[in-house]
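**Student:** have a look at this fold, sequence not included:
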């Protein structure tokens, strides 16, 4: 009897714990081509959730003619998605941090949730045949990346990548039976990794997670959205209200442009980065924002992916023996200096 009572009480406490967190407001507007749109349901999935399928823990809608939405949810990090019978979006800043002061002016730019897929012959026996487009026009040179779960938050190279799309926007990915998430990116500079910049294109398959069955080829259409200018303008708060900023310089102290500041969670700095800044500007300025404080390890690189190679610019934060930085949630560390030099 006592044991059963303890278990029951423990279960009650666990069920109440998400609701006991401080509530915050999440508000914004659903739009199509800059015009407010009605009938949109907005979904918020907490980071740590196992899937982005089905009903979300937090939902609101459908929106009225003004496209506005506003709902309360516990502070934390979330994936935002929105949909109607014909429209869909995966918020490009996912996952987003919702602080105690709330998050406002979220613009959910809706795209068609499905479209006709050309019935072209396929070369794979099992996997995906996809077509990538912007405003209904095919996009060449886009890269489709496959992820098996949410652990990476759709960062990095995932399970694998398809060859760049052809002039029809076409790509193929051979996959064994299973459940997958498909994300498509096209970076103007042709890079395969790093933060998205203004003018780049991003797409999330509306049918994610995609289930591939034995000897099945899923035919899909992935609509892309252009990354807006404000992704760089608001870099200091883009991915959270905690940030580190400063200058990237050479060994003579002169500013260096085009170099990323990178935060790692591990001292060896060999795993996937936790957060990456936009490239430093002409004055060497950088800022990297993130939701949660803690201990991070700071470095700078001119290229991303793999270990530093000869010819690239690289350097570690010299302010501590192990390049570590301790920062509180909500704190903004300014005036940091990162010196880089060529790897030989």
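**Tutor:** Cool, got the structure. Model, not experiment: these values are computed from the prediction.
**Student:** start and end of stretch 199-215, how far apart?
**Tutor:** Separation of the first and last residues of stretch 199-215 by CA to CA, to the nearest Å is 38 Å.
**Student:** list the buried residues for it?
**Tutor:** Of the residues in stretch 199-215, 200, 201, 202, 203, 204, 205, 206, 207, 208, 209, 210, 212 count as buried by neighbour count, 16 or more other CB atoms under 10 Å. Where C-beta positions appear, they are placed from N, C-alpha and C, glycine not excepted.
**Student:** also stretch 100-107?
**Tutor:** Quick answer for stretch 100-107 (16+ other CB under 10 Å): 103, 106, 107.
**Student:** what of stretch 138-158?
**Tutor:** Buried-residue list, stretch 138-158, by 16+ other CB under 10 Å: 138-139, 142-147, 150, 154-155, 157-158.
**Student:** please apply the same query to stretch 128-138.
**Tutor:** Those would be 128, 129, 130, 131, 132, 133, 134, 138, for stretch 128-138 by 16+ other CB under 10 Å.
**Student:** which residues does the last one form beta bridges with?
**Tutor:** Going by DSSP bridges, residue 138 is paired in beta bridges with residue 133.
**Student:** any idea how far residue 247 is from it?
**Tutor:** Distance, residue 138 to residue 247, by CB to CB, to the nearest Å: 42 Å.
**Student:** show me what the host helix or strand of residue 77 is in contact with.
**Tutor:** Residue 77 belongs to strand 76-83 when assigned by DSSP states H and E. The contact list for strand 76-83 (CB atoms under 8 Å, 6 or more residues apart in numbering) reads 21, 26, 30, 40-47, 49, 52, 56, 58, 61, 88-91, 94-98, 106, 108, 110, 113, 150, 206, 291-292.
**Student:** averaged pLDDT, it. What do you get?
**Tutor:** Averaging pLDDT along strand 76-83 gives 93.
**Student:** same question, stretch 108-120
**Tutor:** Regarding stretch 108-120, the rounded mean pLDDT is 83.
**Student:** buried sites along that stretch?
**Tutor:** 108, 109, 110, 111, 113.
**Student:** any weak-confidence spans in the protein?
**Tutor:** 1-21, 191-194, 229-240 (pLDDT under 70).
**Student:** center of this protein, which residue is that?
**Tutor:** residue 94 (4.5 Å; CA atoms, centre = their mean).
**Student:** surely it is within a helix?
**Tutor:** No - the assignment for residue 94, made by DSSP: H, G, I helix; E, B strand; the rest coil, is coil rather than a helix.
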